[in-house]
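Student: Sequence first, then the predicted structure, then my questions.
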Amino acid sequence: MTIQHSNQGAAKECVVLLHGLARTNRSMEKLAKALSDSGYYTINDGYPSTSDKIHKLAENAIAKAVTKCPEGATIHFVTHSMGGILVRQYMQLNTIKNIGRVVMLGPPNKGSHVVDRLHDVPGFSLINGPAGLQLGTGELGIPNQLGPANFEVGIIAGTRSINLILSTMLPNPDDGKVSVENTRLEGMSDHILLPVTHSFMMKNKGVISQVIYFLRHGVFSQ
């Protein structure tokens, strides 16, 4: 399902949103509306995050989404969790004309220790699919094979958790799914910590404000 917000004056800048693992584009709807209200042409497409491996998800989801941006528009990305890994995967192998800025929310840029601990637990692969199994912290994990950012990127990391069990598997501070340290990415333009949880950070007013600020200025508001 596609949720698309257009704005009469927004043809020069398009934002593609990518939700996280085992989520839908509904999880990004509040953020998409705020971006549209701020003058951006937004594309909030869903993709079957648990159906395939990361490289196939990236090629299918991103290639399709960017074609929906107005011709000649600067193309930005705003991602949650694994959505950021899809952008890194895609940008390693493809060039996007008029690429703009990328904001990642809680990205497992160095993998997640939760995957390390739970990948062999019965039911984990059924719930999280092939891509979920690729998000470990080891050398075989896809995030650690992708290299530094080759685009302008700002990263928002959460420091609160509503899942105390998963947090025991993570170095502190963490957001309940990813440690702050593992959100970092070599070559990033800016990095900020906010008191939000992994699962709901994309709906937080402070996060949304920082996303828009970075898209406009290339840094976060301190």
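Tutor: Alright, I've got the coordinates. Owing to the predicted nature of the structure, the values given are computational and were not obtained by experimental measurement. Numbering: from 1, shown residues only.

Student: those strands in the protein, which residues are they?
Tutor: Shown for the chain, the strands assigned by DSSP state E span residues 2-5, 13-18, 41-45, 74-80, 99-105, 152-158, 190-194.

Student: Columns mean neighbour count on top of these, output as CSV?
Tutor: C-beta here means a position set from N, CA and C on the backbone, and glycine is covered the same way. Shown next, in CSV, are the strands of the chain (neighbours: other CB atoms under 10 Å):
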stretch, mean neighbour count
strand 2-5, 15
strand 13-18, 27
strand 41-45, 25
strand 74-80, 25
strand 99-105, 25
strand 152-158, 25
strand 190-194, 16
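
Student: closest to residue 167 out of those strands?
Tutor: With CB to CB as the criterion, residue 167 lies closest to strand 152-158 of the strands of the chain, at 11.2 Å.

Student: quick revisit: with mean pLDDT and distance to residue 184 as added columns, please give the strands of the chain in JSON lines.
Tutor: Below are the strands of the chain laid out as JSON lines (pLDDT from 0 to 100; distance: least, CB to CB, whole Å):
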{"stretch": "strand 2-5", "mean pLDDT": "50", "distance to residue 184": "30"}
{"stretch": "strand 13-18", "mean pLDDT": "98", "distance to residue 184": "19"}
{"stretch": "strand 41-45", "mean pLDDT": "97", "distance to residue 184": "26"}
{"stretch": "strand 74-80", "mean pLDDT": "98", "distance to residue 184": "15"}
{"stretch": "strand 99-105", "mean pLDDT": "98", "distance to residue 184": "10"}
{"stretch": "strand 152-158", "mean pLDDT": "98", "distance to residue 184": "7"}
{"stretch": "strand 190-194", "mean pLDDT": "98", "distance to residue 184": "6"}
